[in-house]
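Student: Predicted structure and sequence below. I'll ask about it afterward.
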Amino acid sequence: MIGSSLREDGREYNELRPLKIEVGVLDRADGSAYLEVGGNKILVAVYGPRESYIRRLLKPNTGVIRCRYNMAPFSVDDRKRPGPDRRSSEISKITADALRPALMLENYPRSMVDVFIEVIEAEGGTRCAGITAASVALADAGIPMKDIVVGCAAGKVNNEIVLDLSEVEDKEGQADLPLAIMPRTGEITLLQSDGDLSESEFSKALELAMDGCMQVSEIQKEALRKKYTDE
């Protein structure tokens with residue numbers, strides 16, 4: 001076991017950053033969520049299911065999900081150029097791919113569900129945080145789901161496998177393994193690996209990320225319970 005001395009922020013190897021989720025924060029969206037984890041602040045709005053004006057995207061036998069992941073220019077230390085770039089386009093696509101298996105879109109043929117993920121402040125792990133918040137917002141929109149998708153990452157820092165990398169650990173570490181799952185079945189909807197991991201390290205990181213997802217899942221469920229029991 002790794003002591004807290006390994007990590008600059010004092011966390012244990014298997015400890016998440018402080019995490020907060022709020023549901024239904026935007027009145028004009030069909031569903032919404034706000035998430036803070038570490039220094040990340042992420043806002044998600046969901047619109048739909050609704051008919052799309054882009055006819056070529058519609059499918060006769062199922063609905064379609066589109067995601068737009070965007071980092072605000074002021075979300076990072078070095079001001080980001082406004083608008084989409086290659087990284088945000090890639091994360092938009094993998095987020096839609098990660099969420100799609102949980103959605104019962106066959107109930108909404110020729111319809112579109114739009115998910116807008118705005119990263120207001122970024123501090124490492126925004127793709128997993130965005131998936132986690134987006135899934136809560138989709139549930140808030142009342143879209144039938146098989147499960148609430150949850151994302152979490154593990155990685156390799158100072159030759160040790162740790163959970164939920166901070167921005168410093170992500171930049172200076174040796175590997176990163178983002179994961180998204182449907183907790184009820186353990187079905188993996190996103191798995192990426194970037195960096196240098198041996199076979200045993202990969203297995204350990206996957207197990208740790210899976211455990212992290214289960215912890216985050218409980219916070220998702222509590223946030224949804226709080227919203228609907230308070231109303």
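Tutor: Here it is on my side, so go on.
Student: got the residue ranges for the helices in the protein?
Tutor: Remark: helices assigned in the chain by DSSP state H are 86-99, 126-140, 167-172, 199-230.
Student: Quick check: the gap between the residue most central in space within the chain and residue 188.
Tutor: Central residue of the chain (C-alpha atoms, centre = their mean): residue 131, 2.2 Å from the mean position. Distance of residue 131 to residue 188, computed by C-beta to C-beta, to the nearest Å: 12 Å. Using the backbone N, CA and C atoms, a C-beta is placed for each residue, glycine as well.
Student: Also residue 182?
Tutor: Residue 182 is 8 Å from residue 188, by C-beta to C-beta.
Student: Comparing those two, which shows the higher neighbour count?
Tutor: Higher neighbour count among residue 182 and residue 188: residue 182, with 21 against 16, using other C-beta atoms under 10 Å.
Student: what is that one paired to in the beta sheet?
Tutor: residue 187 (DSSP bridges).
Student: which intervals of the chain have sub-threshold pLDDT?
Tutor: Scanning the chain for pLDDT under 70 picks out 1-6, 76-84, 230-231.
Student: Please give me every residue in contact with residue 104.
Tutor: Neighbouring residues of residue 104 by C-beta atoms under 8 Å, 6 or more residues apart in numbering: 143-146.
Student: Can you pull the phi/psi pair for it?
Tutor: Here is the backbone geometry of residue 104 (degrees, to the nearest 10): phi -90, psi 60.
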